[in-house]
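Trainee: sequence? don't have it. structure:
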C-alpha cells in the first residue's frame with residue numbers, strides 16, 4: 001500500500017493546520033501519524049483505528065491535535081491546533097501493527113510543518 005501525506009506548510013505559533021494522508025487502498029487496521037523534528041528521532045504522534053475511529057495520542061499533542069479518518073476516501077487527517085515551535089518537523093503517516101502501538105511501518109512520504117514564532 002502506498003501512503004502520501006500532504007498539506008504541510010508554514011503556520012504561526014498558536015495557529016492551526018490540517019494535514020492529510022491518502023492511502024492507495026482501504027486500510028482496515030490502525031494508521032498513525034509520526035513526526036521527525038530537527039535533530040530528533042522520529043516519534044509517534046497519533047493513531048486511529050480503521051474500524052471504529054478510536055484514536056490515541058502522544059502526551060505532547062493530546063488536547064491540541066485531532067486525528068481522524070474518512071474510510072470512504074481512504075484518507076486520514078491530522079488537525080493541528082495551538083501549535084508550538086516544537087511541533088515543527090516532517091510529519092509522516094504509516095500503518096500501525098495494533099491499536100495502542102506507537103511504532104509504524106509502510107511509511108509514506110512526509111509533509112513539512114514549520115511553526116513560526
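Mentor: That came in fine, so what should we check first? A quick note: this is a predicted structure, and the numbers were derived from the prediction, not measured.
Trainee: switch to C-alpha atoms for all contacts and neighbour counts from now on
Mentor: Noted.
Trainee: all strands for the chain, in order.
Mentor: For the chain, the strands defined by DSSP state E occupy 3-6, 10-12, 17-23, 30-36, 43-48, 55-57, 66-70, 75-80, 89-96, 111-116.
Trainee: what's the closest of the ones you listed to residue 102?
Mentor: Residue 102 lies closest to strand 43-48 among these, at 5.6 Å (Cα to Cα).
Trainee: which residues touch that closest one?
Mentor: Contacts to strand 43-48, defined as Cα atoms under 8 Å, 6 or more residues apart in numbering, come from residues 30-36, 54-58, 61, 67-69, 96, 99-100, 102-103.
Trainee: and it, average pLDDT?
Mentor: Strand 43-48 carries an average pLDDT of 98.
Trainee: in this structure, which residue is closest to the centre?
Mentor: When Cα atoms, centre = their mean is applied to the chain, the residue found nearest the centroid is residue 33 (2.8 Å).
Trainee: Excluding chain neighbours, what is closest to it?
Mentor: Setting aside the residues directly before and after it, residue 33 is nearest to residue 93 in space (Cα to Cα, 6 or more residues apart in numbering), at 4.6 Å.
Trainee: how close does that neighbour get to residue 19?
Mentor: 10 Å (Cα to Cα, to the nearest Å).
Trainee: which residues are common contacts for the two?
Mentor: The contact sets of residue 93 and residue 19 overlap at residue 5 (Cα under 8 Å, 6+ apart).
Trainee: so where's this protein shaky on pLDDT?
Mentor: Residue ranges of the chain with pLDDT under 70: none are present.
Trainee: The residue nearest to residue 33 against residue 34, yeah?
Mentor: Yes. Using Cα atoms under 8 Å, residue 93 is in contact with residue 34, at 6.2 Å.
Trainee: more neighbours, these two?
Mentor: More crowded of residue 93 and residue 34, by other Cα atoms under 10 Å: residue 93, with 33 against 22.
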